[in-house]
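Undergrad: coordinates for the following, if possible.
(chains A and B)
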Amino acid sequence: MTTFMRWITPPFVILAAAIVVFAVTSIGATGSLPRGSISQARLTSEIAPATGVRISGQAPIARTGMTNANATAGAIARPVPSDRGNLGRSSGGIMVLVTLLTKSALVIGVPGLATYLAYVFFLQRRDERPVLA
Amino acid sequence: MQRFFSRMPLAGRLVLDTGMLIATIALIDPRASGLSVHEWVGIVLGAVLFVHITLNWQWVVAVTKKMFASLPRETRINQILNGLLFIFMAVAVGSGIAISEEALPSLGILTSGSRVWMNVHGLSANASLILIGAHVAMNWQWVMRTVRRIAGKTVRKNPSLRPAQARGGLTVNLPTGA
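TA: Numbers count the residues shown, from 1 in each chain, chains lettered A, B, ... in the order given. Next comes the predicted model:
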């Protein structure tokens, strides 16, 4: 296998496969292909004024009940919290580690252990199984 | 020292895989890690995923060529698991980019933040986590064997070390999974 085939081709094939998977998901979930991201400059200069698209960190006028001028001033001074809840900042400290380890034990560890046991006792031949002490 | 460096590629691969697992654990709870860290780690993990698959490319090609042929049950299950894992991770990374609130906007790129993509991201990320547990488990014997080899301990010549090959399966000199 040449260097080209070994190291250059795979990333492109993987990227193409990932794009196909994402496009199919997009069609399934939203009914259309992903429309791509918009640069901030283009959004502020062209799209937002014409369509009323909310720019990240800016409060929607309907939610604040302010007039146009007040809403803009208020939004700059007090950005709305993320739509995804209070995710902005890490709570920090040892509790972060405890939370992550507990969740990973449940979400990754339990399925992993179940798979390993199934693998050892159902997939491996009896004479290949490790001897349990 | 020379012996240590002769084992570096294998050690490097193990370090990369361990790093991916640690990154995945860090991604589990955006509330704990913070949204910015969550997004950047996710983007880096997506890039490292390319390296991980490229390193295991021979296995991918070998099992893909035999997609409709007879394969040992273990290899077939690995093939299905790895295929699903790739699909869910591609969707999780893609949808994560689509709803980015910190990483991409900090580069001047605004994203949709659509509810649909948030739901897709949650579902695909949770499915990926479960499949990562299964993926690690299916390759656990390779991990242990590699750790022993790096530590300089003798590896037993046991048929269970390469079950797929022992049963006349794939002869690629790689772990049983990508």
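
Undergrad: for residue A:22, what are its contacts?
TA: Residue A:22 is in contact with A:34, B:90-91, B:94-95, counting by CB atoms under 8 Å, 6 or more residues apart in numbering or on different chains. For every residue, glycine as well, the C-beta is placed using N, CA and C.

Undergrad: now compare those and name the two farthest from each other.
TA: When the contacts of residue A:22 are compared pair by pair using CB to CB, the two farthest from each other are A:34 and B:90, 12.5 Å apart.

Undergrad: higher neighbour count, these two?
TA: Neighbour totals were compared for residue A:34 and residue B:90, and residue B:90 leads with 23 against 19 (other CB atoms under 10 Å in any protein chain shown).

Undergrad: for the host helix or strand of the more buried one, packing partners?
TA: Mapping residue B:90 onto the secondary structure by DSSP states H and E places it in helix B:73-98. Using 3 or more CB pairs under 8 Å, 6 or more residues apart in numbering or on different chains; DSSP states H and E as the contact criterion, the neighbours of helix B:73-98 among helices and strands are helix A:9-30, helix B:35-55, helix B:57-65, helix B:115-138, helix B:163-166.

Undergrad: okay, the ones you listed, which one's buried deepest?
TA: Ranked by average neighbour count under the criterion mean count of other CB atoms under 10 Å in any protein chain shown, those are headed by helix B:115-138 at a mean of 20.

Undergrad: ok, back up a step: and of the contacts of residue A:22, the nearest to residue A:27?
TA: Closest to residue A:27 out of those is residue A:34 (9.3 Å), distances taken as CB to CB.

Undergrad: touching, that closest one and residue A:25? I think so.
TA: No - under the criterion of CB atoms under 8 Å, residue A:34 makes no contact with residue A:25, lying 9.1 Å away.

Undergrad: now do the shared contacts for those two.
TA: With contacts taken as CB under 8 Å, 6+ apart, residue A:34 and residue A:25 have residue B:94 as neighbours in common.

Undergrad: show me the contacts for residue B:28.
TA: A:100, A:103-104, A:107, B:129.

Undergrad: go again with 6 Å.
TA: Listed by CB atoms under 6 Å, 6 or more residues apart in numbering or on different chains, the contact set of residue B:28 reads A:100, A:103-104.

Undergrad: equivalent analysis for residue A:103, please.
TA: Applying CB under 6 Å, 6+ apart as the definition, the contact partners of residue A:103 turn out to be B:28-29.

Undergrad: and it, what are its phi and psi?
TA: The phi and psi torsions at residue A:103 (degrees, to the nearest 10) take the values phi -60, psi -40.

Undergrad: where does pLDDT dip in chain B?
TA: When residues are selected by pLDDT under 70, those of chain B lie in B:1-8, B:154-178.

Undergrad: now whichever strand or helix holds residue B:12 against helix B:73-98, angle please.
TA: Assigned by DSSP H and E, residue B:12 belongs to helix B:8-27. An angle of 50 degrees separates the directions of helix B:8-27 and helix B:73-98 when computed by axes from the mean of the first three to the mean of the last three CA atoms, to 10 degrees.
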